[in-house]
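Student: Prediction below, plus the sequence it came from.
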Amino acid sequence: MNIKLFVRLVGLLFIAVLVAVAVQQGFFQRLSDSQWVADYVAQNGSRAVAELVLMGAFFSCIGGPRQVLAFVFGYALGGVQGAIFATVAALLGCIILFYFSRFVFREQIKRRFAQKLARLEALIIHKTWLKALMIRLLPLGSNYITNLLAGTTCVSPWQFFVGSGVGFLPQMFIFSFAGAGVSLSDEHHLQVSVVLFVIALAIGIYLYRTRLGKQLTKTDD
C-alpha cells in the first residue's frame, strides 16, 4: 500500500475514533457547560485545567468556536487566567489542524480549494505572522477553514502560530471577562469586557480600512 495513502487512512481513522469517543462521553456538551467546568476545576484543581485545555484544543480543532472556550474558562478561572488558558487551547487546536492538513489532507484540500488557496498563499507567504495576526483580529471567515487552508500552503508554521496566538488574545479577553462577570455577578468584569470589545472593534475598523486589510478581505471572498 502507498505510504501516503496509509498515513491518510490512519489519520482519518484516528479523528473518527476521537470524535466518536468525545460525543459518546459527552465531552463537548460538558465543555460548553460553564457550571460543570467550574465545578470540575474546583474539585480537581490544576489537573482539571490541563485536561480542559486538551479538551478545548480538540473542540477548537474540529471547528468549535473559541469564544465559547473563552467564556467558559473565564467563568471557571477568572478573566485573565481564563483568557490565557482558552488561548492556549485554541492555539493547540490550530496547530493540530494545521499539521493534519499539511501531512494528511493536503492533496484533497488543494483540489477542493485551488483558487482560494492560491490567493491566500500569495498574500500571506511574506510577513506571515503579521498577516495571520490581522486575519485573527478582523476576523475574516471561518477559523477552521483558515487553519485548514494555511496548513496546505508553504508558509512558515511558527510565524503563522505566533500571529494567530497574538491575534486570538483580544477576543479571548473580551469573552473571558464576560464569563467571569456572569460567574461572580460582578459588573466590573462585564464593564471591562465591554471596554475591551470597543477597543477591539476600533482596531478592527482601522485594520479593515488599511490596504492590507482590504486585500485580506478580498482573499476571504
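Tutor: It's in.

Student: Does the residue nearest the centre of the chain lie in a helix or a strand, and which?
Tutor: Central residue of the chain (CA atoms, centre = their mean): Ala90, 3.8 Å from the mean position. With secondary structure defined by DSSP states H and E, Ala90 is part of helix 79-103.

Student: For that helix, list every residue counted as buried.
Tutor: Going by neighbour count (16 or more other CB atoms under 10 Å), the buried part of helix 79-103 is 79, 82-98, 100-102. Backbone N, C-alpha and C define where each C-beta goes, glycine included.

Student: So which elements touch the helix or strand just after it?
Tutor: Once helix 79-103 ends, the next helix or strand along the chain (criterion: DSSP H and E) is helix 106-112. In terms of contacts (3 or more CB pairs under 8 Å, 6 or more residues apart in numbering; DSSP states H and E), helix 106-112 is packed against helix 143-152.

Student: Not counting the helix it packs on itself, show me its contacts.
Tutor: 60, 62-63, 65-66, 93-94, 97-102, 105-106, 109-110, 113, 116-117, 120, 124, 132, 135-136, 140, 160 (CB atoms under 8 Å, 6 or more residues apart in numbering).

Student: Can you tell me which of these are buried?
Tutor: By the neighbour-count criterion of 16+ other CB under 10 Å, those include these buried positions: 60, 65-66, 93-94, 97-98, 100-102, 105-106, 109, 113, 116-117, 120, 124, 132, 135-136, 140, 160.

Student: For stretch 127-141, give the mean pLDDT please.
Tutor: Averaging the model's pLDDT scores along stretch 127-141 yields 80.

Student: brain fart, stretch 64-78
Tutor: Along stretch 64-78, the predicted confidence averages to a pLDDT of 91.
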